[in-house]
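1. test case, fold it:
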Amino acid sequence: MPQLYSSTVHTEQLLVEVQHRCQNPPATQQPPASPPAQKAQGTPSLAVRAWRAFRDSGYSWRWVARQIPGVLPAYLLVHTVLNLRQSLAALEHNQLGAQSAWKAQQRQLEKQIHQLRQQQEKLQREHIHLRKRLLLAEKRAQQSLAAPQAGAHNAAASSEPLSQWYSAFEESQRGDVSQIAQRQAQYIPLVTPVLQALPQAPALDLGCGRGEWVQLLARLGHPSLGVDSNTAMLQPAEAADANVHSQDIFTFLAEQPPEHYALVTSFQVVEHLPPDQLLQLLLHAWRVLRPGGMVVLETPNPENLQVAAYSFWMDPTHQRPLPPPLLLNMAQHAGFVDCHIHRSSPWPAEHQAPGLPQPLAQLLYADQDYALIARKPHAAPAAPAAPQPAP
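-> Okay, here's the model as predicted:
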C-alpha cells in the first residue's frame, strides 16, 4: 500500500499516480491482445482505465475515504442522515398507528357515552313515572285517612246483621247441635290414639262455630279449645260453657307457640279459604302441632256431582270445591305424612235412582263429605317455610 503523507499534498500525489498508471499500465497486468474482431470496438475509456489501474494498484474506496480529508466525515454524515430518515419513517408509521387506535377508542367511548345517555334518559322517565304513582298513592292514602271514622262504625254495624243471618242460615242447613255432634263422633276412633299418646297437649278446633267438637272432646276428658271469628256463631257454645275464643283463626295461629297441640281440626272451613290462606293454615298447623300430632280437615266432597254443582254453592261464602287429591298434595307439601282421605255422609239410599250404571251412580251418589287426615312426623324434618299472617 503506498504511503502518503499529508492531507494537503497527498490528494495531488494520488491524482498524479492514478493518471500515470492509466497512461503506463504495468507489463504484467497488460490485458491480453484483443481479437481482431474486438479492435473495432475501440480502446477502454479513460475512466475505465483509471478505475482498473486504481483497483490493480491495491487501493480501495475505504482507503481513499480514510486518506482524503473530509470524505470520511461526509460518509458518516450521509450514513447518519439515512439512519435518521429511517427512524423518522418508523416514528411516522408508529404515530399513524397510534392515531388510528386512538380514533377507534374515541369512537368506542362516544358510542358508550351515547348508550349511557340513553339509559340516563330512560331512568329519568321511569323516575318521573314512579314519582307520579307515589304522589297518587299518597293522595289516595290521605283521602282514606281523612274519611270519617263513622264509616268504619257503619261498616261494622252493617256486618252484624250478615253474621246473624249466616248463623241462622247455618242452623237451617247443617242441622242442630246433636246432629252435628253425632256426625263428628265418627272421628273419635281416628284421633283417640293421638290423644292418648299426647294426653297433656290440648286439641285445637279452628272455625269451631257452635262448639260441637269442642264439647265432644271435653266429655272425653281431653283439654280442647275452639276459635271462631263469628261471634254470633259462638253464642251457643258460650251458653254451653264450652272453651271457645273469638278471634281470627290466622291471627290466633300466628300467636301460638310451636309444638303445642296434639290435634288440629277444622270442619267445613277450608272451602271458605282461597288457596294461599289454605296453604297458610296447613303450614301453621304443622308448626303448632307436636311431633306425632294429627290434623283433620273436613270439607264437602266434589266427587259427588250433586254436591259440586248444586249444594256446595248454597253457601255464598264458599270459594271453590276442593278435590281430595288437591288437599292431599297441599298437606304433603306442608310436611305432613301418612296423608289419607276419610269419606263420610253417604247419600241416602231412598233418594237414589235404581238401575243406574255403577260409574254414573258413583258420580251422582258418592259420599257428600270427606276429611283429610294427616300426621306430623315424630322425627320432624326441616320446618316448612314460615307462614305469613293472613290479611
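2. can I assume Ala47 sits in a strand?
-> No - read with DSSP: H, G, I helix; E, B strand; the rest coil, Ala47 is helix and lies in no strand.
3. what's the domain layout of the chain?
-> 10-26+34-69, 92-146, 164-375 (automatic domain parsing).
4. most tightly packed of these?
-> Neighbour counts (mean count of other C-beta atoms under 10 Å) averaged over each of these peak at domain 164-375, with a mean of 17. Using the backbone N, CA and C atoms, a C-beta is placed for each residue, glycine as well.
5. isn't Val337 up against Ala379?
-> No - at 10.3 Å, Val337 and Ala379 do not qualify as touching, with contact defined as C-beta atoms under 8 Å.
6. where do the strands sit along this protein?
-> 203-206, 224-228, 244-246, 261-267, 289-300, 337-344, 369-375 (DSSP state E).
7. any chance of these in CSV, plus distance to Pro161?
-> Formatted as CSV, the strands of the chain follow (distance: least, C-beta to C-beta, whole Å):
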stretch, distance to Pro161
strand 203-206, 25
strand 224-228, 18
strand 244-246, 18
strand 261-267, 25
strand 289-300, 26
strand 337-344, 33
strand 369-375, 29
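8. of those strands, which is nearest Gln106?
-> Ranking these by proximity to Gln106 (C-beta to C-beta) places strand 337-344 first, at 68.9 Å.
9. can you list contacts of the closest one?
-> 183, 186-187, 190, 298, 301, 324, 327-328, 331-332, 366-377 (C-beta atoms under 8 Å, 6 or more residues apart in numbering).
10. returning to that earlier point: mind checking the strands of the chain for the one nearest to Val48?
-> strand 337-344 (119.0 Å).
11. now the closest one - C-alpha only, CSV.
-> Extracted in CSV, the C-alpha atoms of strand 337-344 (Å, rounded to 0.1, in the frame of the first residue of the first chain):
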residue,chain,number,x,y,z
VAL,A,337,-97.0,-37.7,56.4
ASP,A,338,-99.5,-40.6,56.4
CYS,A,339,-101.9,-38.5,54.5
HIS,A,340,-105.2,-40.2,53.5
ILE,A,341,-108.9,-39.4,52.8
HIS,A,342,-111.8,-40.4,55.0
ARG,A,343,-115.1,-40.1,53.2
SER,A,344,-118.4,-39.7,55.1
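12. run the chain-centre distance for it.
-> 37 Å (C-alpha atoms, centre = their mean, to the nearest Å).
13. just want the angle from it to strand 289-300.
-> Between strand 337-344 and strand 289-300, the angle formed by their directions is 30 degrees, by axes from the mean of the first three to the mean of the last three C-alpha atoms, to 10 degrees.
14. mind listing the strands strand 337-344 pairs with, and their directions?
-> strand 369-375 (antiparallel) (DSSP bridges).
15. mean confidence for the strand it pairs with?
-> For strand 369-375, mean pLDDT is 96.
16. okay, the angle between that strand and strand 261-267?
-> Using the same axes, to 10 degrees: strand 369-375 against strand 261-267 is 160 degrees.
17. excluding chain neighbours, what is closest to Ile249?
-> Distances taken as C-beta to C-beta, 6 or more residues apart in numbering place Leu206 nearest to Ile249, at 4.6 Å, with adjacent residues excluded.
18. do I have it right that the one you found meets His272?
-> No - in this structure Leu206 lies outside contact range of His272 using C-beta under 8 Å: 11.0 Å.
19. Leu204 and Asn243, how far apart?
-> Plainly put, Leu204 is 11 Å away from Asn243 if you go by C-beta to C-beta, to the nearest Å.
20. circling back to that earlier point, so how far is Leu289 from the residue nearest to Ile249?
-> In terms of C-beta to C-beta, Leu206 sits 12 Å off from Leu289.
21. equivalent analysis for Ala331, please.
-> From Ala331 to Leu289 the distance is 12 Å (C-beta to C-beta).
22. who touches both of the two?
-> Taking C-beta under 8 Å, 6+ apart as the contact rule, Ala331 and Leu289 both touch Val295.
23. got the CA positions of stretch 304-316 in PDB?
-> Taking C-alpha atoms only, stretch 304-316 is exported to PDB below (Å, rounded to 0.1, in the frame of the first residue of the first chain):
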ATOM      1  CA  ASN A 304    -120.400 -36.100  44.200                       C
ATOM      2  CA  LEU A 305    -121.600 -34.100  41.200                       C
ATOM      3  CA  GLN A 306    -124.800 -33.100  43.100                       C
ATOM      4  CA  VAL A 307    -122.600 -31.600  45.800                       C
ATOM      5  CA  ALA A 308    -120.100 -30.000  43.400                       C
ATOM      6  CA  ALA A 309    -122.700 -28.500  41.100                       C
ATOM      7  CA  TYR A 310    -125.500 -27.600  43.500                       C
ATOM      8  CA  SER A 311    -125.400 -27.900  47.300                       C
ATOM      9  CA  PHE A 312    -121.900 -26.600  47.600                       C
ATOM     10  CA  TRP A 313    -123.000 -23.200  46.200                       C
ATOM     11  CA  MET A 314    -125.800 -22.900  48.700                       C
ATOM     12  CA  ASP A 315    -123.300 -21.200  51.000                       C
ATOM     13  CA  PRO A 316    -122.400 -17.800  49.400                       C
END
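24. give me the contact list for that stretch.
-> 169, 173, 271, 300-302, 318, 321, 347, 363-368.
25. likewise for stretch 190-208?
-> 211, 213-214, 217, 220, 222-228, 234, 237, 244, 249, 253, 260-269, 272, 281, 288, 290, 292-294, 296, 342, 373, 375.
26. how far off centre is it?
-> Worked out by C-alpha atoms, centre = their mean, stretch 190-208 lies 42 Å from the chain centre.
27. could you do stretch 289-303 as well?
-> That offset, for stretch 289-303, works out to 34 Å (C-alpha atoms, centre = their mean).
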